[in-house]
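Participant: Kindly return the folded structure for what I paste below:
(one chain, ligands or ions: 1)
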Amino acid sequence: MDRRMHPFLFNRDGGLSKPAEYIPEIRKYIQNKNKLAQSFKVKEIPTEDGTQLRGSDINGYAIEFLKSWQLPESFAKQNKTKKYILPNYKHRSEYTDIVFECECGAKLSNDYNMNNSNVRDEHNHSKKCKSFMRLESRAKIQRKRWRKTKELLWLGWNGKEISQRFNMTPGSLRSFINRNDRNFNEMRKLFKRAAGNTYTHLVHNENLPAKEASDIYNTHRATLNEWYRDYGDEWVKDFKMKSPRGSGMMWRGEYWND
Ligand SMILES: [Zn+2]
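Facilitator: Numbers count the residues shown, from 1 in each chain. Down below sits the predicted model:
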């Protein structure tokens, strides 16, 4: 996955991807839900053209692009249809999916106070838990959070939204990021670059009307043009999905390093 664009929004052989076609409608639907409503199913979303959406149409990055995530299975009971947490749900942090299980069986999900060495009580580690197990758990959940932070910033989440996903306070998320030598403003450019590049690709190469392309981002086209100018890449305007050079550059290799 090349993080210089949002490749899940368009097809390899041209045109918008299926999620991208319906993202403006889905966003409208989920934004209008009551703050006390917990989750939604993709198939319940009405579409203007009458298409019955299926869970497999909208998943993965598209769901996260809409500031949502799948309700963790531990909360989902026997229900086979996937449910997704609503972006405005008041108690959404209680349903975080960023958890890690310590070797002793304790589940780590809540805010981790890094300065507190007495972490046994914080997370109900069992009696057989060793100090090195707790140390390892801390490292692993932090690594998980770090990767997810970059991914969510690339998808346009802000600090408050990410802290809800992690069940952290915005302040401790910020210090977590600062401890790892980055800052929000630098990292937010990940989104602006990818959004500016993708928008320009859709309008310039795919001839999509500017309104349609900007609706996918729910962002004014002037802003998207500005992001492209400030953070975007020249090669986007020559970008052809099918050309061996372009596709090689876009789809091969892992651009995402720690
Ligand atoms: Zn433990």
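
Participant: Quick one: residues contacting residue 154.
Facilitator: Shown in contact with residue 154 (C-beta atoms under 8 Å, 6 or more residues apart in numbering): 3, 190-191, 194. C-beta here means a position set from N, CA and C on the backbone, and glycine is covered the same way.

Participant: Among the residues you listed, which pair sits farthest apart?
Facilitator: 3 and 191 (9.8 Å; C-beta to C-beta).

Participant: Mind checking which of those two has more residues around it?
Facilitator: Using other C-beta atoms under 10 Å as the criterion, residue 3 and residue 191 rank with residue 191 on top: 21 against 17.

Participant: next structured bit after the helix or strand hosting that one?
Facilitator: Residue 191 is part of helix 184-200, with elements assigned from DSSP states H and E. Remark: after helix 184-200, the chain's next helix or strand is helix 210-217, criterion DSSP H and E.

Participant: Which strands or helices does the next helix or strand after that next one pack on?
Facilitator: Of the helices and strands lying after helix 210-217 in sequence (DSSP H and E), the nearest is helix 221-231. Contact partners of helix 221-231 among helices and strands, from 3 or more C-beta pairs under 8 Å, 6 or more residues apart in numbering; DSSP states H and E: helix 184-200, helix 210-217.

Participant: The ion contacts on the stretch 51-200 of the chain?
Facilitator: 102, 104, 106, 125, 129, 133 (C-beta under 5 Å from the ion).

Participant: Over to the residue nearest to the third one when sequence neighbours are not counted. Which of the three states is it?
Facilitator: The shortest distance from residue 106 to any residue that is not its chain neighbour, by C-beta to C-beta, 6 or more residues apart in numbering, is 4.4 Å, and that residue is residue 125. Judged by DSSP: H, G, I helix; E, B strand; the rest coil, the three-state class of residue 125 is coil.

Participant: So residue 125 is in contact with residue 131, correct?
Facilitator: No. The pair residue 125 and residue 131 does not pass the contact test of C-beta atoms under 8 Å, sitting 9.8 Å apart.

Participant: And these two? Which one has more around it.
Facilitator: Shown here are residue 125 and residue 131; by other C-beta under 10 Å, residue 125 has more neighbours (21 against 11).

Participant: dump the residue contacts of the more buried one.
Facilitator: So residue 125 contacts 102, 104, 106, 119, 133-134 (C-beta under 8 Å, 6+ apart).

Participant: and what of residue 33?
Facilitator: Applying C-beta under 8 Å, 6+ apart, the residues near residue 33 are 40, 86, 88-89.

Participant: go with 10 Å
Facilitator: The neighbourhood of residue 33, defined by C-beta atoms under 10 Å, 6 or more residues apart in numbering, consists of 39-40, 86-89.

Participant: Just read off the phi/psi values of it.
Facilitator: phi -70, psi 150 (degrees, to the nearest 10).

Participant: Per-residue pLDDT of it, please?
Facilitator: Residue 33 carries a pLDDT value of 92.

Participant: What residues sit buried inside stretch 75-90?
Facilitator: Buried residues in stretch 75-90, counted by 16 or more other C-beta atoms under 10 Å: 82-87, 89.

Participant: okay if I get those as CSV plus secondary structure and pLDDT?
Facilitator: As requested, those are exported to CSV (DSSP: H, G, I helix; E, B strand; the rest coil; pLDDT from 0 to 100):
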residue, secondary structure, pLDDT
82, coil, 90
83, coil, 93
84, strand, 95
85, strand, 95
86, coil, 96
87, coil, 94
89, coil, 95
